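> Got a sequence here, can you model it:
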Amino acid sequence: MEHKDIPNDGLHEPKDIVFANAGEVYVADGAGSGSWSQPPLPGQGTAMQGQIPVATGSGSISWNYQPGGWAVYVDTGSNLVVDSTGVAVTVDGAGAGTDETQLPKGSSASLWDTDEFQPISFDDLYAVELVFQITAQSGATSVDIAFGDFETTVSSTSGIYRVYAPVCKFEDVGPQNLVMKTDAGTVTITDRKIKIVQLYGA
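Just a heads-up that it's a prediction; the model follows:
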């Protein structure tokens, strides 16, 4: 008897079902095997970092940034020389890709203005992504980046860098600078882009 002709009460459960947790499905690995795991959300593979699934009300989901809004600012590519005393990062917002169509509720102006960020309200939380390129360095081995209560360090080696601060909080609602400084010497920064997403706010 061929397997397709076996009566239902004679069929066995799928392989390794005894090891699967409730709600898991079998996902093929494309190499003749697979594993049991939670089913991926539709569109998860192409969702952008920081986006969340939102029910459409018709049985499906869409991927959107956190409620509250966001904005992206792209520089036109002018050079910025960073030294060990520190400089405020400039992003002029004149570059292609700048987008303020999804500003957070309560924002009466741009989130970013040339070299400073303006929190909307006290205790707001933001996610911030900074992309930049180091094109030259002299005497520097690392670059410190500080924005609100977020700090990190990257190498001064030439290349493209992406720094992601998943949560930023600021002590007041006054203008805030994103500051870079080297451990010594200088680095030259170009191709700057900053994305700001409001995570929590009135």
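> so after the lowest-mean-pLDDT helix or strand in the chain, what's the next helix or strand?
Sorted by mean pLDDT, DSSP states H and E, the helices and strands of the chain end with strand 61-65, the least confident at a mean of 72. The helix or strand immediately downstream of strand 61-65 is strand 70-74, counting by DSSP states H and E.
> who are the neighbours in contact with the residue nearest to Thr157 when sequence neighbours are not counted?
Spatial nearest neighbour of Thr157, chain neighbours left out: Ile134 (7.0 Å); criterion: CB to CB, 6 or more residues apart in numbering. All C-beta spots, glycine's among them, are computed from the backbone N, C-alpha and C. Residues counted as contacts of Ile134 (CB atoms under 8 Å, 6 or more residues apart in numbering) are 143, 156-159, 161, 187-189.
> Make CSV out of the residues you listed and add distance to Asn79, neighbour count and secondary structure.
Below are these laid out as CSV (distance: CB to CB, whole Å; neighbours: other CB atoms under 10 Å; DSSP: H, G, I helix; E, B strand; the rest coil):
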residue, distance to Asn79, neighbour count, secondary structure
Val143, 15, 23, strand
Ser156, 15, 22, coil
Thr157, 17, 13, coil
Ser158, 13, 12, coil
Gly159, 16, 11, strand
Tyr161, 16, 15, strand
Val187, 10, 27, strand
Thr188, 5, 15, strand
Ile189, 7, 23, strand
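> right, and out of those residues, which lies closest to Asp172?
Asp172 has its nearest neighbour among these in Val143, at 26.0 Å by CB to CB.
> Relative to Gln176, how far out is the closest one?
Distance from Val143 to Gln176, counting by CB to CB, to the nearest Å: 19 Å.
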